[in-house]
Structures are given as C-alpha cells and as structure tokens.
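Undergrad: Predicted model, plus sequence, below.
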Amino acid sequence: MLRKNTVVFGVLVVLLGLALWAVFPLGGERLGRQGLRLGLDLVGGVHLVYEAQFPEGATPEERAGNMDRAVDTIQRRIDKYGVTDPIIQRLGTDRILVQLPGFTDIDAAKSLVEQTGFLEFRRVEVKDNGQPVRLSDYRAQDKLAFIEGGETGNRVFVDERGNPAAFLVEGPEGPQFVDEEGKPVDAAGLSGEALSWVAARGSGGAQLTGEFLEEAAPSIRTMPTGAEAEVSIRWNSEGARNFDEIAARLFDAGAYGTPQRALGIFLDNNLLSSPQILERSYRGSAVITGNFSIEDVNRMANLLQSGALPMPLKKPPLFQEKVSATLGANFAEMSATAGIIGLILIMLFMIAYYRLSGVLASLALIFYAVLVLALFKMIPVTLTLAGIGGFVLSVGMAVDANILIFERMKEELRSGRTLGAAVEAGFDRAWSAIRDSNMTTFIVCIILYWLGSSIVASAPVMSFALTLFIGVAVSMFTALTVTRTLLRMTISTGLARHKSLMSVSGGRENV
C-alpha cells in the first residue's frame, strides 16, 4: 500500500508542477496561454449579438450549415484584424455572439462583422444608343427611363472620358444624383453617357465573383505621383480563365477611356473602382485600385480573404454594448483580491477545526486552485465576474467534500476502528453523499449553460455555469485522490499517533 501511495504521490507532484508551469509561465508562453482569458466585464471591449437573415424556404440543415460557416468566416475576419482572444459563437439556431476584448470602437467592430464580403465584377451597358447626353436633361425620378434597377451604387453617369461623374442613389427625399463622396452634384453643364452595370460573365455563363478568389493581399505601389495603396488578388484556375475571357472582350470593345472597357469592382453591392482593361490577358492575377488608404486596403483584403458570409445579418444588432476597460480592470483586481481572501479564510477554518487533517485538506485545496486555473487557461475558459463567482463557490464545495470525509472518519474512530481503517471507511462511506450532491450541481450547471446559450446577454450565465462545473469536477478529484493520498502517507509517520493533531474531537484512536 505504501509503495502504491508513493507512486500516486509522485504522479500528483508531477501534475502539480505542470499546472504551476501553465499558471505561472516563465519567460513566455508554455502550456496554455500567457494569461487568463478575461471577459468583457473585466477587461473591457465590445459585445454584439446578431440575428441571421435566412432565405425563405431554407431547411433546418441549411440554416445550421450557414450558421457554422458564418461563425467561421467572422472568426477569420477577427483573427486577421488582430483582436486578442475574441469570442464568436452561436446562440441558439439563428443568433451569433461576438465579443471583442480590448476593442474600443464599436462602430468599427460592427462594420467588421456586418459586411457580407461579397465581391463581384460587372461590365458597363451604355444607354441611349451610346450617344452623349446631358445629365440635366433627366430628372432623378426618371431613372428607369435610362438607368436600369439595382441597389445604391449600381447606376452611374460617366463623363466623356469614361470617369464616374454622378451616381444615382436613394436620398432622404427620393432618388438623387451624387458624386463619389455622396455629395449632391449640379447637373447643369455635365454631359456624358448614362450607363448601368451588368454582371461580367465568362464564356460558360458564370459570373466572376469572389467565389473564384484564391488570395487577396494589401500592397503599396510606387507611382510618379506618390505611393498608392491597392489590393492584389489572385484567381484559382477557373476564375483566371473567366477573368481573361472577360478582359479580352472588354479590351476589344473600344479604345482606351471608353466606358465599354471599364470593369466595375463591387464589394457588398458598392462600387469600389472601375479600372480600364488595358490587356487582353492578366494570367490569373489583378489589382483593385482606387483612392484607398492603408486602412481601406487592409480591411478590404481581410474581407476578401476571409470569404463572404453565407447570409446577411440583420441590422442593427439585437444587442450591443461597450464596456469600459478602466472599470473592467477594477473588477479584475477586486475579484482576485476576493478570491485570495476567501481561500485563506477557508484554509484557516479547516486548520483550526480539523488540525492536521485540515492542514492536509488545505494543501489539497491549493492543489485544486492551481489545477483549476491551469485548466481555465488551457481550455481556455473566458472568465467573467460571474465566472469568478462560480470558481469561488466551487472552492467552498471542494472543502465541503473534505468535511464530509473527516466527519465520517471521526464516527469510525469513535466506533473503535484504527486510524488507517477509519480513513478508508470515511472515504468509502462519504463517497455516495459527495457523488449525489455534485451530480445535482452538474445537472444545474448543464441547464444554466444550455439556457444561457439562448440568451442575448449570455456571457455571465455561461461563464458561471462552466467555471462551477469544472471547479466541482476537479474538487471531487482532489478530495478523493489528493487528500486521501496525503492522509495515507501521514498514517505511516509518527504524527498520526498524536490524537490531538488529527481532530479536536474523537473517540478511541488506535494506529
């Protein structure tokens, strides 16, 4: 028995060493993360909840698949943006939770998530038989007379050199003509051609979209007028073939500067740029140019590389909240202080009441706390203020298991059993009570987590349920393994022969 206990004790020491290595990494990241993952209420950031907008007739299987793909797409976007430890997960069947710790701009966060990221290419279709016209000859209300339908940015009036001059948009008082910055334009004296954008398709009939995109990366090109930011794109084999076919047709359509050679690049139905096709073949690569900033091309490349959302998200979000980082830091400091104070008070109580047994239980409690924190980092678990409350509650339940065992031991000692027999009987007979009480806690945690997954502001509920579940599970291990091993090893020493060291009360105690 002593040899077996020694082996178990050695395994526990190694496990404790690994847990300490994970909780307190030396010189950088080791097992798990560099630091605990803190929720928004502790570190600050942005909390968003979106509702998906599925197409009519979508089956439950299609909805579930689209939700999974949307979560993956948003996750890739956030990861490329550089947010530390984001949380993107499904809530129920039609909602997506997005938490961005440390993110300070809620509008930028919403823009990053909401954009569909659908890239498509269109060619121009000139109206009025290609004859020059004057914009002042038309009224915005007459848009259907010369410009076919579509969303904002689909319809444009170009000047005589083929450059966009006026866009037809839906204004506060109805359709109106605006420039590229969205400012109303003066139609007097503006002449050119009215045109609309239609899908650019390869010879097989497939529209050229981001579906065929293989890579998108921001880049800087040096020009005589200065550096220009652009997005370099590369097509897969099918996309390269379609793109070259479209480029060849546009190249043959007319001279340089004519609208027929323009290729409209649209992202989420908004015109990014309309460059001229200057070659018959681009061999599977191209660039998106325009009056872009570095931030614009980084965001655009991120959207294109991460892919398009399989369905749009309803706007505005169902729930949006920005948490102050200063307030979060205060919460984190107070929570850590409260946890340490609670742990010390529990240990003092156990030592004062159960003496040597209490000392062993306190050592097991330290083992428990380190192991739980290591698991929180390695899983990882996002700790909210409620989650820390669940952890502190599980500390009390860990001590509760030891108290049940020690009280059973005292009863066995009063009945005349030896100390060794009392230890084994105490653990065996307390096990059923520990098991039943913890099983009910597990059931409650599962129900809380399940209900929390369907609540808009669910992070505190889910964090509390998860930390309590993990804490109670580890407490069973430490109470039944760590404390038991320490007691068995103590029995073989001279300390166990002193009745007063084992407990403040008891009966006949024989070793």
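TA: Nice, I can see it.
Undergrad: what's in contact with stretch 313-329?
TA: Stretch 313-329 is touched from outside by 38, 40-53, 70, 95-96, 102, 104, 106, 110, 113-114, 456-457, with contacts defined as Cβ atoms under 8 Å, 6 or more residues apart in numbering. C-beta: built from backbone N, CA, C; applies to glycine.
Undergrad: And it, how far out from the chain middle?
TA: Using Cα atoms, centre = their mean, to the nearest Å, we find the averaged C-alpha position of stretch 313-329 to lie 14 Å away from the chain's own average C-alpha position.
Undergrad: next one: stretch 480-488
TA: Taking Cα atoms, centre = their mean, one finds stretch 480-488 lying 40 Å from the centre of the chain it belongs to.
Undergrad: What are the contacting residues of it?
TA: 1, 5, 8-9, 12, 357, 360-361, 363-364, 367-368, 401-402, 405, 420, 423, 427, 431, 434.
Undergrad: how about the helix or strand harbouring residue 432: buried residues?
TA: Counting by DSSP states H and E, the secondary-structure element that holds residue 432 is helix 419-452. Buried positions in helix 419-452, judged by neighbour count with 16 or more other Cβ atoms under 10 Å: 419-420, 422-427, 430-431, 434, 438, 441, 445, 448-449, 452.
Undergrad: following it, which helix or strand comes up?
TA: Next helix or strand after helix 419-452 toward the C-terminus (DSSP H and E): helix 459-477.
Undergrad: Going by contacts, tell me the helices and strands next to that next one.
TA: Under the contact criterion of 3 or more Cβ pairs under 8 Å, 6 or more residues apart in numbering; DSSP states H and E, the helices and strands touching helix 459-477 comprise helix 40-43, helix 356-378, strand 382-383, helix 385-414, helix 419-452.
Undergrad: For those, please prepare CSV with the additional fields mean pLDDT.
TA: Written out in CSV, the entries for the helices and strands packed on helix 459-477 read as follows (pLDDT from 0 to 100):
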stretch, mean pLDDT
helix 40-43, 77
helix 356-378, 90
strand 382-383, 80
helix 385-414, 85
helix 419-452, 88
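Undergrad: Figure out which of those is closest to residue 299.
TA: Of all these, the one in closest proximity to residue 299, counting by Cβ to Cβ, is helix 40-43 (23.0 Å).
Undergrad: chain center to the closest one: distance?
TA: Here the centre of helix 40-43 is set off from its chain's centre by 15 Å, with Cα atoms, centre = their mean.
Undergrad: The stretch 101-250 of the chain: helices as residue ranges?
TA: With DSSP state H, counting those that start in this stretch as the definition, the stretch 101-250 of the chain shows helices at residue ranges 106-114, 143-146, 237-251.
Undergrad: residues making contact with the longest one?
TA: Contacts of helix 237-251 from elsewhere in the structure, counted by Cβ under 8 Å, 6+ apart, are 121, 123, 200-204, 206, 208, 211-214, 235, 260-263, 277-286.
Undergrad: just checking, which of those belong to strands?
TA: Secondary structure of those is defined by DSSP state E; positions in strands are 121, 123, 213-214, 235, 263, 285-286.
Undergrad: Please indicate which of the residues you listed are buried?
TA: Among the ones in strands among the contacts of helix 237-251, those classed as buried by 16+ other Cβ under 10 Å are 121, 123, 213, 235, 263, 286.
Undergrad: Contact partners for the first one?
TA: With contacts taken as Cβ under 8 Å, 6+ apart, residue 121 has the following neighbours: 200, 207-209, 243, 246, 263-266.
Undergrad: What distance do you get for it to residue 233?
TA: The span separating residue 121 from residue 233 equals 10 Å under the rule Cβ to Cβ, to the nearest Å.
Undergrad: Equivalent analysis for the third one, please.
TA: Separation of residue 213 from residue 233 (Cβ to Cβ): 6 Å.
Undergrad: Now for those two: what residues contact both?
TA: By the contact definition Cβ under 8 Å, 6+ apart, residue 213 and residue 233 are jointly contacted by residue 304.
Undergrad: between the helices of the stretch 101-250 of the chain, which gets nearest to residue 334?
TA: When the helices of the stretch 101-250 of the chain are ranked by proximity to residue 334 (Cβ to Cβ), helix 106-114 comes first, at 25.4 Å.
Undergrad: now for that closest one, which elements pack on it?
TA: With contacts defined as 3+ Cβ pairs under 8 Å, 6+ apart, helix 106-114 has these neighbours: strand 45-51, helix 60-81, strand 95-101, strand 319-323.
Undergrad: Just list what the second one packs against, helices and strands only.
TA: Contact partners of helix 60-81 among helices and strands, from 3+ Cβ pairs under 8 Å, 6+ apart: strand 87-91, strand 95-101, helix 106-114, helix 294-306.
Undergrad: neighbours of residue 88, just the number please.
TA: Residues contacting residue 88 under the criterion other Cβ atoms under 10 Å number 22.
Undergrad: so what's it up against?
TA: When contacts are counted by Cβ under 8 Å, 6+ apart, residue 88 is found next to 71, 74-75, 78, 96-99.
Undergrad: how close does it sit to residue 381?
TA: 16 Å.
Undergrad: State the number of residues packed around residue 21.
TA: Counted with other Cβ under 10 Å, the neighbours of residue 21 add up to 14.
Undergrad: Let me know the pLDDT of it.
TA: Listed pLDDT for residue 21 reads 86.
Undergrad: so what does the helix or strand where it lies touch, helix or strand wise?
TA: Using DSSP H and E, residue 21 falls within helix 2-23. In terms of contacts (3+ Cβ pairs under 8 Å, 6+ apart), helix 2-23 is packed against helix 356-378, helix 483-491.
Undergrad: Let me have these in a markdown table, extended by distance to residue 410.
TA: As requested, those are arranged in a markdown table below (distance: least, Cβ to Cβ, whole Å):
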| stretch | distance to residue 410 |
| --- | --- |
| helix 356-378 | 9 |
| helix 483-491 | 13 |
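Undergrad: Retrieve the pLDDT associated with residue 216.
TA: 86.
Undergrad: before we move on, the earlier item: neighbouring strands - and their directions - for whatever helix or strand comes next after the helix holding residue 21?
TA: Secondary structure here is assigned by DSSP H and E; on that basis, the next helix or strand after helix 2-23 toward the C-terminus is strand 37-38. Strand 37-38 has its sheet partners listed here by DSSP bridges as strand 382-383 (parallel).
Undergrad: count of residues packed around residue 313?
TA: Using other Cβ under 10 Å, residue 313 is surrounded by 23 other residues.
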